[in-house]
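Asker: Quick one, fold the following:
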Amino acid sequence: MPLKIMSLTDAAAERVREIIEDSEKPVIGVRVGVKNAGCAGMAYTLDYVTEPVAGDDHVADKGVEVYIEPKATLFLLGTVMDFEETKMSSGFTFKNPNQTGACGCGESVQLAPADLKALAEARATV
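Answerer: Numbers count the residues shown, from 1 in each chain. Below you'll find the model as predicted:
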């Protein structure tokens with residue numbers, strides 16, 4: 001069975017639903033991406049989506065809509081997005097099979113691109 005581009009835990013889906021409901025403007029989902037940042041090289045990004053962006057990959061999971069920036073898809077293949085709360089913080093986390101390292105402060109990660117064949121198979125199942 002091919003990998004999904006991205007999936008969500010129940011906690012992440014619930015938090016995305018809360019974000020959508022609490023937004024002051026019409027929001028249809030979230031957009032996940034990566035950017036060059038931090039000492040390890042890359043950081044995840046998360047933004048509101050008011051309307052789909054042409055070219056984004058789209059994943060509907062557990063009743064929420066997730067859009068993935070095209071340049072990020074290759075780095076996110078097989079990732080599970082979660083939402084975790086501790087006494088000190090709360091936020092989205094990413095269990096990413098393409099992660100090869102992380103910085104000590106937790107602000108950035110090292111990501112390797114996924115196999116192009118696996119990506120093509122994942123896109124075929126969307």
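Asker: And the longest helix anywhere in the chain, what does it pack against?
Answerer: Assignment by DSSP state H gives helix 10-22 as the longest helix of the chain. Counting contacts by 3 or more Cβ pairs under 8 Å, 6 or more residues apart in numbering; DSSP states H and E, helix 10-22 packs against strand 29-37, strand 64-68, strand 79-85. (C-beta placed from N, C-alpha, C; glycine too.)
Asker: other SSEs contacting the shortest one?
Answerer: For strand 64-68, the contact count by 3+ Cβ pairs under 8 Å, 6+ apart identifies strand 6-8, helix 10-22, strand 29-37, strand 57-61 as packing neighbours.
Asker: ok, of the ones you listed, where does mean pLDDT dip lowest?
Answerer: Among the helices and strands packed on strand 64-68, strand 29-37 carries the lowest mean pLDDT, at a mean of 87.
Asker: The helix or strand following it relative to strand 64-68, how many degrees between them?
Answerer: Going down the chain from strand 29-37, the next helix or strand is strand 41-49, by DSSP states H and E. Computed by axes from the mean of the first three to the mean of the last three Cα atoms, to 10 degrees, the angle separating strand 41-49 from strand 64-68 equals 130 degrees.
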